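J.: What follows is a predicted protein model with its sequence.
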Amino acid sequence: MARLCVGMAGLALAACTPDSATDGDRAAPTFDGIAADETVNFTGTEPFWGGEVRGDTLTYSTPEDIEGTQIAVSRFAGLGGVSWSGELDGQPFDLSLTEGECSDGMSDRTYPFVATLSVRGETRRGCAWSEARPFEGPANP
């Protein structure tokens, strides 16, 4: 019985490996559209918000905090995207990116990623780009 419990615990941990996700007997690769060491920028409107992620530090800015607040985050690459999680003012802060054409609705830019931000009990939608996958359109909207 003890061996069965140890074996089951090993299987549970194997299913949580960061490099792949299990789909039955076949391992599926995790999202690799943004490298772990790549700088990612994100932006949203109504209300305005934005920032960047560099490694394990995310800078979140708003019109009230133009310089931005730095947040320690952990990165998770899932099957369909990547996310960063941390805390802002003692509350959960989660930013998720998925591939998809995105418009900020205020410029002629097209972004390669859709951003979903959960902050201060609100869910916000926006767009994102990375060094390797920049936005298309004017540099200064």
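T.: Thanks, I have it.
J.: that's a strand at residue 107, yeah?
T.: No: going by DSSP: H, G, I helix; E, B strand; the rest coil, the assignment for residue 107 is coil, not a strand.
J.: from memory it sits against residue 136, does it?
T.: No: Residue 107 is beyond contact range of residue 136, at 10.9 Å (criterion: CB atoms under 8 Å). Using the backbone N, CA and C atoms, a C-beta is placed for each residue, glycine as well.
J.: ok, the two, which is more surrounded?
T.: residue 107 (16 against 11; other CB atoms under 10 Å).
J.: give the contact list for residue 39.
T.: By CB atoms under 8 Å, 6 or more residues apart in numbering, the contact list for residue 39 reads 52, 53, 54, 130, 131.
J.: Repeat the analysis, applying 10 Å as the threshold.
T.: Residue 39 makes contacts with 52, 53, 54, 55, 129, 130, 131, 132, as judged by CB atoms under 10 Å, 6 or more residues apart in numbering.
J.: Run a quick neighbour tally on the closest residue to residue 63 other than its chain neighbours.
T.: Distances taken as CB to CB, 6 or more residues apart in numbering put residue 48 closest to residue 63, at 5.4 Å, once the chain neighbours are dropped. Using other CB under 10 Å, the number of residues around residue 48 comes to 14.
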